[in-house]
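Engineer: after the sequence you'll find the predicted model.
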Amino acid sequence: MKATTRTFGVNTWVWTSPLTDGRLAELAPRIREWGFDVVELPVENVGDWDPGRTAKLLDSLGLSATVVVAMGLGRELVSTDRATLARTQYFLQQVVDTAAAVSSPVVAGPVYASVGRTWRMADAERRACYEQLRDNLAPVVEHARGAGVTVAVEPLNRYETSVLNTVDQALDALAGLPPEGCGIALDVYHMNIEEQDIPAAVRRAGDRIAHVQVCANDRGAPGADHLDWPGILTALDEAGYRGPLVIESFTGDNETIATAASIWRPLAPSQDVIAVDGLSFLAGL
């Protein structure tokens, strides 16, 4: 079953990091020309790009926006000190305001802890961690609800976090937080590592799905891989997801992002190919 409302986006991390007004002005017309509906805008630091200028640019091109947040070192909502917690909550609220300014329906990402931070947790420690996450995320979610934005919490693979790796863990951790302000972001790259059955996990996520990112199993173009894309998209349709499918990959030209995302080799003949071939494949399903 093909959803008649399916739309497609691409994250600017495919080409650049951090995003700037100048780079977006170069990329956005090409993204529109290729046939995308949405540009995904990363916030690595608030102020890297101007929300007002961005909103005007995207509106002039007939493009919509989604926003993702980068959780760098020192951005923590769990197992941290009060000062770090307060700074992280304030940062996330600023990102929510940025998203609202460009009419993004979501702020997606692993908002619970800095990427790469891992530690062992016994069952009781994990339960306490999730309770702490709910308590500490709640003010951000309340701020997001007031702004008309949903915080889409993204599980990452085991090598990038030990807090949330699977859909079931995310459902457990977010239980009790209002679904209109807090949902789950599914990233097929991480799901390929952590979920035994990706379509089944999508169905379990159900109406908590707030955002979806897609790429090949190696972070290349969707379709150049071994993934069950018809099964994944059918499960998303059955779950009632009507948001965009956003291609997220990374450039190896930026040392910081290449190291963070473990991009050690070219994933396609060019970065443009990841976007163009990925869109062609997904739109043809």
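Structural biologist: Nice, thanks for sending it over. Here the structure is a predicted model, which is why all the values come from computation and not from measurement.
Engineer: which residues touch the helix or strand hosting Q132?
Structural biologist: Assigned by DSSP states H and E, Q132 belongs to helix 123-147. Helix 123-147 is contacted from outside by 77-79, 85, 89, 92-93, 96-97, 99-100, 107, 111-112, 121, 150-151, 153, 163, 172-178, 180-182, using C-beta atoms under 8 Å, 6 or more residues apart in numbering. Where you see a C-beta, it was placed from the backbone N, CA and C, and this is true even at glycine.
Engineer: now, those residues that are in helices?
Structural biologist: Using DSSP state H, the subset of the contacts of helix 123-147 located in helices is 85, 89, 92-93, 96-97, 99-100, 172-174.
Engineer: closest to R242 out of those?
Structural biologist: Each of the ones in helices among the contacts of helix 123-147 was checked against R242 using C-beta to C-beta; the closest is A99, at 18.3 Å.
Engineer: so what's the residue count around that closest one?
Structural biologist: When neighbours are counted by other C-beta atoms under 10 Å, A99 registers 28.
Engineer: please begin residue numbering at 8 from this point
Structural biologist: Sure, I'll start numbering at 8, so the last one becomes A106.
Engineer: any buried residues in stretch 254-262, and which?
Structural biologist: If you call a residue buried by 16 or more other C-beta atoms under 10 Å, then stretch 254-262 has these buried ones: 254-259, 261.
Engineer: typo on my end, it should be stretch 25-44
Structural biologist: Using 16+ other C-beta under 10 Å as the test for burial, stretch 25-44 gives 25-26, 30-31, 34-35, 38-39, 43-44.
Engineer: which residue ranges of this protein form strands?
Structural biologist: Residue ranges of the strands in the chain, as given by DSSP state E, are 14-18, 45-50, 71-76, 113-116, 157-160, 189-194, 216-221, 251-254.
Engineer: which one of those lies nearest to T266?
Structural biologist: strand 45-50 (16.1 Å).
Engineer: can you tell me how far the nearest residue to L243 once chain neighbours are set aside sits from L181?
Structural biologist: Leaving aside its chain neighbours, L243 sits nearest to V209 (5.8 Å; criterion: C-beta to C-beta, 6 or more residues apart in numbering). With distances taken as C-beta to C-beta, to the nearest Å, V209 is found 16 Å from L181.
Engineer: okay, the two: which has more neighbours?
Structural biologist: Set V209 next to L181 and count neighbours by other C-beta under 10 Å: V209 wins out with 26 against 22.
Engineer: low-confidence ranges, the stretch 8-157 of the chain, go.
Structural biologist: Scanning the stretch 8-157 of the chain for pLDDT under 70 picks out 8-11.
Engineer: let's see it at 50
Structural biologist: The stretch 8-157 of the chain contains residues with pLDDT under 50 at 8, 10.
Engineer: now the end-to-end length of stretch 254-270.
Structural biologist: 16 Å (C-alpha to C-alpha, to the nearest Å).
Engineer: list the residues that contact T91.
Structural biologist: Residues in contact with T91 (C-beta under 8 Å, 6+ apart) are 81, 83.
Engineer: let's see 6 Å
Structural biologist: Residues near T91 by C-beta atoms under 6 Å, 6 or more residues apart in numbering: E83.
Engineer: quickly note the distance from it to S121.
Structural biologist: As defined by C-beta to C-beta, T91 lies at a distance of 10 Å from S121.
Engineer: swap in T73?
Structural biologist: 22 Å.
Engineer: again, but for N164
Structural biologist: 15 Å.
Engineer: ok, W41 next?
Structural biologist: 33 Å.
Engineer: could you count how many residues lie near the closest residue to G227 other than its chain neighbours?
Structural biologist: Closest residue to G227 apart from its sequence neighbours, by C-beta to C-beta, 6+ apart: L274 at 3.9 Å. Residues near L274, counting by other C-beta under 10 Å, number 22.
Engineer: was I right about L274 contacting N224?
Structural biologist: No - using C-beta atoms under 6 Å, L274 makes no contact with N224, being 10.8 Å away.
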